[in-house]
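Trainee: pasted the sequence and its predicted model underneath.
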Amino acid sequence: MTGTDNRPLTVLNDNLGNNVIVELRYDKEYRGKLNGYDPHLNLVMEDVKEFIDGEKVREMDKAMVRGDNVVYVSP
Amino acid sequence: MTGTDNRPLTVLNDNLGNNVIVELRYDKEYRGKLNGYDPHLNLVMEDVKEFIDGEKVREMDKAMVRGDNVVYVSP
Amino acid sequence: MTGTDNRPLTVLNDNLGNNVIVELRYDKEYRGKLNGYDPHLNLVMEDVKEFIDGEKVREMDKAMVRGDNVVYVSP
Amino acid sequence: MTGTDNRPLTVLNDNLGNNVIVELRYDKEYRGKLNGYDPHLNLVMEDVKEFIDGEKVREMDKAMVRGDNVVYVSP
Amino acid sequence: MTGTDNRPLTVLNDNLGNNVIVELRYDKEYRGKLNGYDPHLNLVMEDVKEFIDGEKVREMDKAMVRGDNVVYVSP
Amino acid sequence: MTGTDNRPLTVLNDNLGNNVIVELRYDKEYRGKLNGYDPHLNLVMEDVKEFIDGEKVREMDKAMVRGDNVVYVSP
Amino acid sequence: MTGTDNRPLTVLNDNLGNNVIVELRYDKEYRGKLNGYDPHLNLVMEDVKEFIDGEKVREMDKAMVRGDNVVYVSP
C-alpha cells in the first residue's frame, strides 16, 4: 500500500511532460505542462496559463513557479 | 500509552487507502482517498473533492497537496 | 525548579490519554483526548470537537492536527 | 556587559516560577507563572489568564504555549 | 524526460542575461534582465521596471530581489 | 569597508547598555535599554516602553522580545 | 555569464559604503548608506530615512534591518 509509487515527489515525477493544474495561495492557478521540479516543490512549467479568481490573466511560454506558494498540483 | 501507534505520521500511514478529510488554511477542504504522504505532510490523494467555505468547487482524479497548508487530517 | 518535568514536550507526554484544549490560529479550537504528538507539535487527537469562534462546527473520531498552527495546548 | 546573564533564554530561566506576561501575535496575552521553556520559546505556564484585546476570555490551570507566536515575555 | 535541463535552478541559469518577468506576492512584478541568482531564489536584475497592480511605479538600474517573495519567474 | 565592525550582530553588540528603538511588525515599537541578544535577534530589553501606532501602551521593567517580529533595531 | 560578480550577496558587498534603497514588505522603504550585511540579508544602514507609503516618517543615524522583511535592495 505504501509503495514508493505514491510518494508526493513521485507523483510529480510521473507527470513530467503532462498537463497539470497548479493551485497557489491567493486564488492563483497555473495550467500547463509540467517540465521539472525539485524537492522544495519549485516547478518548471511550459505553455502556462495563469488564472486569478478563475479568470485567465496571462499566458507564458515557460515559468518557474516557487514551491512555497503551492496548495496542490493535480494531473 | 505513548506507543508508536499514535505518532502523527503513523496515523497517516494507518489510513493509506482510506477516505480522509484534509482541512487546509483559508477554509479549504479536500475529501478523498489518502494514497501517500511524506514527513512534510505533503499528501497524495485520489478521487478528491475540493470544498471552499463548505461548497464543492472541484473534483480531481488525483492531487498532491502541499503539507504547509494543512490544518488537520481526519480519517 | 527547571527539572525536566516542565519542558513543553513533557507536558504533552504527561497528558497522553487526557482531554485537552488545543487552540489554533484563526480562532479555531479542538477539544478531545490527546493520543500522540511529535517534536513539531503535530498532535493526534480522539473524539475531537472542532469549534470556530466558539461555535461547535464538527465532531471527528480522530484527527491529526498540524503543529504549525497551534497557539497553545491546555490539559 | 555581554555576560551570559542577559541572553534571551537566560532571562526565561531566571524567571522560572515567577509570574510573567506573554504577549502573542493577534493581540493575545497570557498572564501566569512560567514553569518551563525550550529553545524554540515554547513555554509552560500555570494558573494562566488569557486576554484578547485586553479582555480576559479564559482561565487555565496549565498551558503549553507555542513559541512561534510569541512577541515578548515580560517578568 | 527528467534530465537536468528542466530543474528549476537550471531554468534560471539558462536565462542569465535574458529579460524575465518576476512576479512577487502582493501583486508586485519586476521586469528586467536576469543577471544572477542563488539557491534561495534571490535574484540580481538589471534595468528593472517595478509594477504594482499592473502600473509601473519605479525604474532601477539594478536590484537584488529576495527569493522569499517570488511567485514565479518567466523568461 | 567590510570589516567586522558593521556586521548586523556586531551592531547589536556595540549597543549593549544603550537605548535603542526596536520596530516590530504590526506597527509595534519598543524603546528601552538593550541588555542582550542572540543570533535569532531575540532581544533582552530593560525599562521598556511599548508603543502601538505611535501611542504608548505599556511600560515594562524588562522584556525578552522574539527576533522573528523585528523589522529594525536603531541605536 | 554566471561569474561570481552577479551573485546576490556580491551585489550587496559591492555596494558597501554606497547609498541604497531597501524596500520591505508592508510598503516600508529605507534609504541610506549600506554599511554591512550577513547571509540572512540582515542589513546595517547609516543616515537612514524611513518611508511608509512613500511618506518620510523617520530619520535614523543607524539601523540594523532584519533581512526577513526585505523585498529588494537597489543601489
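Mentor: Done, it's in.
Trainee: which parts of chain A are helices?
Mentor: A:8-14 (DSSP state H).
Trainee: in it, which residue sits nearest chain F?
Mentor: Relative to chain F, the nearest point of chain A is A:Asp68 (17.1 Å; C-beta to the nearest C-beta). Using the backbone N, CA and C atoms, a C-beta is placed for each residue, glycine as well.
Trainee: that residue: how many residues sit nearby?
Mentor: Neighbours of A:Asp68 under the rule other C-beta atoms under 10 Å in any protein chain shown: 19.
Trainee: go on, A:Asp61?
Mentor: Based on other C-beta under 10 Å, the number of other residues close to A:Asp61 is 11.
Trainee: from E:Leu16, how far out is it?
Mentor: Here the criterion is C-beta to C-beta, to the nearest Å. By it, A:Asp61 lies 17 Å from E:Leu16.
Trainee: can you check A:Gly32 too?
Mentor: Per C-beta to C-beta, A:Gly32 is found 23 Å from E:Leu16.
Trainee: got the contact list for A:Pro39?
Mentor: A:Leu9 (C-beta atoms under 8 Å, 6 or more residues apart in numbering or on different chains).
Trainee: likewise for the one 4 residues further on?
Mentor: With contact taken as C-beta under 8 Å, 6+ apart, A:Leu43 is in contact with A:12, A:22, A:34, A:36-37, A:64-65, A:67, A:70, A:73, E:8.
Trainee: considering those, which possesses the most neighbours?
Mentor: Top of the contacts of A:Leu43 by neighbour count (other C-beta under 10 Å): A:Val65, with 29 neighbours.
Trainee: what's across from that one in the sheet?
Mentor: Assessed by DSSP bridges, A:Val65 has beta-bridge partners A:Leu43, E:Tyr72.
Trainee: and A:Tyr72, how many neighbours?
Mentor: 26.
Trainee: in this structure it contacts B:Gly67, no?
Mentor: No: with contact defined as C-beta atoms under 8 Å, A:Tyr72 does not reach B:Gly67; the gap is 10.8 Å.
Trainee: A:Asp5 versus the most centrally placed residue in chain A, what's the distance?
Mentor: In chain A, the centroid-proximal residue (C-alpha atoms, centre = their mean) is A:Val22; its distance is 3.8 Å. Separation of A:Val22 from A:Asp5 (C-beta to C-beta) stands at 21 Å.
Trainee: and A:Asn19, by the same measure?
Mentor: Taken as C-beta to C-beta, the span from A:Asn19 to A:Asp5 is 21 Å.
Trainee: show me which of the two is the more surrounded one.
Mentor: Shown here are A:Asn19 and A:Asp5; by other C-beta under 10 Å, A:Asn19 has more neighbours (14 against 11).
Trainee: okay, now the nearest residue to the more buried one once chain neighbours are set aside: neighbour count?
Mentor: Using C-beta to C-beta, 6 or more residues apart in numbering or on different chains and skipping the chain neighbours, the partner closest in space to A:Asn19 is A:Lys33 (5.7 Å). Other residues near A:Lys33 number 16, with proximity taken as other C-beta under 10 Å.
Trainee: bridging residues for A:Lys33?
Mentor: With DSSP bridges as the criterion, A:Lys33 is bridged to A:Asn19, A:Glu46.
Trainee: contact partners for it?
Mentor: A:17-20, A:45-47.
Trainee: most neighbours among these, which one?
Mentor: A:Met45 (27 neighbours).
Trainee: any idea how far that residue lies from F:Gly36?
Mentor: Distance check for A:Met45 against F:Gly36: by C-beta to C-beta, it reads 48 Å.
Trainee: about what we covered before: so if I had to pick from A:Gly32 and E:Leu16, which one is more boxed in?
Mentor: Between A:Gly32 and E:Leu16, counted using other C-beta under 10 Å, the more crowded position is A:Gly32 (23 against 17).
Trainee: quick one: pLDDT of that one?
Mentor: On the pLDDT scale, A:Gly32 is placed at 98.
Trainee: give me the nearest residue to it, chain neighbours excluded.
Mentor: Nearest non-adjacent residue to A:Gly32 (C-beta to C-beta, 6+ apart): A:Val48, at 3.7 Å.
Trainee: so which bits of chain A are right by chain E?
Mentor: Counting by C-beta under 8 Å from any C-beta of the partner chain, chain A comes close to chain E at A:13, A:16-17, A:24, A:26, A:28, A:30, A:35-38, A:40, A:42-44, A:48, A:60-66, A:68-69.
Trainee: so the residue nearest to the centre of chain A touches A:Tyr30, yeah?
Mentor: Yes: A:Val22 sits in contact with A:Tyr30 when judged by C-beta under 8 Å, with a separation of 4.3 Å.
Trainee: give me the common contacts of these two.
Mentor: Counting by C-beta under 8 Å, 6+ apart, the residues touching both A:Val22 and A:Tyr30 are A:45, A:65.
Trainee: give me the neighbour count for the residue nearest to A:Asn15 when sequence neighbours are not counted.
Mentor: Counting by C-beta to C-beta, 6+ apart, A:Asn15 lies nearest to A:Pro75, which is 4.6 Å off, once chain neighbours are set aside. Neighbour count of A:Pro75, defined by other C-beta under 10 Å: 16.
Trainee: who's in contact with A:Pro75?
Mentor: A:Pro75 neighbours (C-beta under 8 Å, 6+ apart): A:11, A:14-15, A:18-20, B:61-62.
Trainee: again with A:Asp61
Mentor: A:46-48, E:74-75.
Trainee: of all these, which two lie farthest apart?
Mentor: By the measure C-beta to C-beta, A:Asp47 and E:Pro75 form the most distant pair in those, at 13.1 Å.
Trainee: hmm, who's touching stretch A:7-19?
Mentor: Contacts of stretch A:7-19 with the rest of the structure, by C-beta under 8 Å, 6+ apart, involve A:4, A:31-37, A:39, A:41, A:43, A:73, A:75, B:36-38, B:42-44, B:62, B:64, E:1-2, E:6.
Trainee: for chain A, give the residue positioned nearest to chain B.
Mentor: Among all residues of chain A, A:Asn6 sits closest to chain B, at 3.1 Å; criterion: C-beta to the nearest C-beta.
Trainee: so for that residue, what's the pLDDT?
Mentor: pLDDT, A:Asn6: 84.
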